[in-house]
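J.: Show me the folded form of this:
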Amino acid sequence: MLELNLNKFIDETRYPLAVTLMTWNGNLHSPVTPPHSHDFAELVLLADGHAMHSCGNSRGRLGKGDFLLIYPGMKHAYSEITENMRLYNIIYNFRLPLPMLTLSKSPFLHMLYPGRDLLRAPFQGVLGKLSPRDLTTAVFLLENMRREISRRRPGCQTLVCGHFVALAILLSYHCKKKNTPPKSWNLSRVVAAMTENLDNGAFTVGELAKQAGMSIRKLQLLFQAAYGESPLHFLQRLRVNRAMELLDSTRLSHEEIAERCGFFNYSHMWKCFRKHLGCAPLSVRKNLTENHLPQESAERASAPQSTPPSFR
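T.: Numbers count the residues shown, from 1 in each chain. The predicted structure follows:
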C-alpha cells in the first residue's frame, strides 16, 4: 500500500498547509487511484463530477459539493472517476492548529484538529454538501490558496492561512454533524488566554487553570483528552506558529522574535523549533528569503521591455 508523507507536499520550513487538485487528466486518464494512506490530515472537497470513495469498510459515491476528512493512517482510494471530476485535497498538519479555529464550538472545526478519541474512531463518511453558491466561493478560496502557495510572495503564508480559516468556517455551516460539542470546548477560554499572552514568557499553567475555573490537574486531563498533549506543549506550538509568521513578515532579529513570542531566549526558541518542526529558525528564514523575489528584480520584471518579445 502506498504511504504518503507530509514532506512530499510541504516544505518543512514553511507553514504546513498545501492544496492539490485531482482531475481525470491529472490521474493519467485512469478511473482508479491506488489504495493509500498518509501521515497528515486531508480535507477533501469534490468541486465537480463524481467518484466512488472507499475507506476501510466504508464505500460511497461522492457528488458535486461533497466534503469529507481523512485522518492519518486511514487507508482509502477513489474509483469510477468521471472525466469532469475536480477534487481538491487540502493537506495540513492537524497537530499545529490555527488559534482562530480552535476557539470555535463548531463540531466540524473540532474534527479538523482531532484529539485521540476522533483519531481512533471509524471513518465518518461524507460530512456535508455545499450549496452551489458556497461551492463557488470555496473554489475561489482554494484556487487563491494554490496560486499563493506556488508564488511564495512575502506574507503569502498569512494569506493562505486566512483563506483556510474562511474555507473551514464555510464548510462548518454545511456539516451535517449536529452532535453536541464535547465538554473539552470549555477550553476555548484557555486557548484564547494563550493567544493573548504569547509574548508573556512567565505565563504559567496555573494562571491558565485559574482563568478556566478549574484545577491544574483537571486542565491537564482535559487538554490531553482534547488535543492529545499537555497545555504547555500546545502553548509552545502556538508560539512556534507566531514566530514563523514574524520570520516571514518582518526583519526582526531572532532574539527579538524569541522575546515577542514568549520564549525565554533564542536558545529556547531554537529547541522548540527543532521539537515541533524538525528545523532551526535560521533555516526557516533562509528558505523564506530565497523564495522571495528581490525588490530590484521585481521592478525589473515589471518594467516595460525596450523591444517586443518574440513568439514562436
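
J.: Show me how this protein divides into domains.
T.: Using automatic domain parsing, the domains assigned to the chain come out as 2-174, 183-290.

J.: got those domains as TSV, with mean pLDDT columns?
T.: Formatted as TSV, the entries for the domains of the chain read as follows, by pLDDT from 0 to 100:
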stretch	mean pLDDT
domain 2-174	85
domain 183-290	83
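
J.: With mean neighbour count as added columns, please give those in CSV.
T.: Where you see a C-beta, it was placed from the backbone N, CA and C, and this is true even at glycine. Written out in CSV, the entries for these read as follows (neighbours: other Cβ atoms under 10 Å):
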stretch, mean neighbour count
domain 2-174, 17
domain 183-290, 17
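
J.: What values do phi and psi take at Ala138?
T.: Note on Ala138: backbone dihedrals following degrees, to the nearest 10 are phi -60, psi -40.

J.: List the contacts of it.
T.: Contacts for Ala138 (Cβ atoms under 8 Å, 6 or more residues apart in numbering) come out as Leu45, Ala47, Leu130, Leu167, Leu170, Leu171.

J.: isn't the third one right next to His174, touching?
T.: Yes - with contacts defined as Cβ atoms under 8 Å, Leu130 counts as touching His174 at a distance of 5.4 Å.

J.: that's a helix at Leu167, yeah?
T.: Yes - secondary structure of Leu167, determined by DSSP: H, G, I helix; E, B strand; the rest coil: located in a helix.

J.: check contacts around it.
T.: Under the contact definition (Cβ under 8 Å, 6+ apart), the residues listed for Leu167 are Ile90, Ala138, Leu141, Leu142, Met145.

J.: measure the residue positioned nearest the centre of the chain to His38 for me?
T.: For the chain, the residue nearest the mean C-alpha position is Tyr92 (3.8 Å; Cα atoms, centre = their mean). Relative to His38, Tyr92 is positioned 11 Å away (Cβ to Cβ, to the nearest Å).

J.: Please apply the same query to Arg120.
T.: Distance of Arg120 to His38, computed by Cβ to Cβ: 17 Å.

J.: ranges for the strands of the stretch 1-150 of the chain?
T.: Listed from the start of the chain, the stretch 1-150 of the chain has strands (DSSP state E, counting those that start in this stretch) covering 2-4, 17-23, 36-38, 41-48, 51-55, 58-62, 66-70, 76-79, 86-92, 128-129.

J.: Which one, of these, ends up nearest to Ser215?
T.: strand 41-48 (31.6 Å; Cβ to Cβ).

J.: ok, residues contacting that closest one?
T.: When contacts are defined by Cβ under 8 Å, 6+ apart, strand 41-48 is touched by residues 62-72, 84-94, 112, 114, 130, 135, 138-139, 142, 168, 171.

J.: got it, and stretch 274-285?
T.: Counting by Cβ under 8 Å, 6+ apart, residues outside stretch 274-285 touching it are 12-14, 96, 236-237, 240, 243-244, 247, 254, 257, 266, 269-270, 273.

J.: just these now: which is nearest Leu187?
T.: Compare each of these with Leu187 using Cβ to Cβ and the shortest gap goes to Arg237, at 14.6 Å.

J.: just checking, the closest one touches Leu98?
T.: No - look at Arg237 against Leu98 with Cβ under 8 Å: they stay out of range, at 10.9 Å.

J.: Among the contacts of stretch 274-285, which are located in helices?
T.: For those, membership in helices holds for Gln236, Arg237, Val240, Ala243, Met244, Leu247, His254, Ile257, Tyr266, Met269, Trp270, Phe273, with DSSP state H as the criterion.

J.: what's the closest of those residues to His76?
T.: When those are ranked by distance to His76 (Cβ to Cβ), Arg237 comes first, at 27.3 Å.

J.: all helices of the stretch 151-300 of the chain, in order?
T.: Taking DSSP state H, counting those that start in this stretch to define them, one finds helices in the stretch 151-300 of the chain at 156-174, 188-196, 205-212, 216-227, 231-249, 254-260, 266-276, 281-290, 295-302.

J.: Could I get the contacts of Leu167 in a markdown table, plus columns for distance to Gln211?
T.: Rendered in a markdown table, the data for the contacts of Leu167 read as follows (distance: Cβ to Cβ, whole Å):
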| residue | distance to Gln211 |
| --- | --- |
| Ile90 | 33 |
| Ala138 | 36 |
| Leu141 | 34 |
| Leu142 | 37 |
| Met145 | 34 |
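
J.: Next, Leu96: phi, psi?
T.: Listed backbone geometry of Leu96 is phi -120, psi 80, with angles given as degrees, to the nearest 10.

J.: who touches it in this structure?
T.: When the contact criterion is Cβ under 8 Å, 6+ apart, the partners of Leu96 are Pro16, Arg237, Val240, Asn241, His276.
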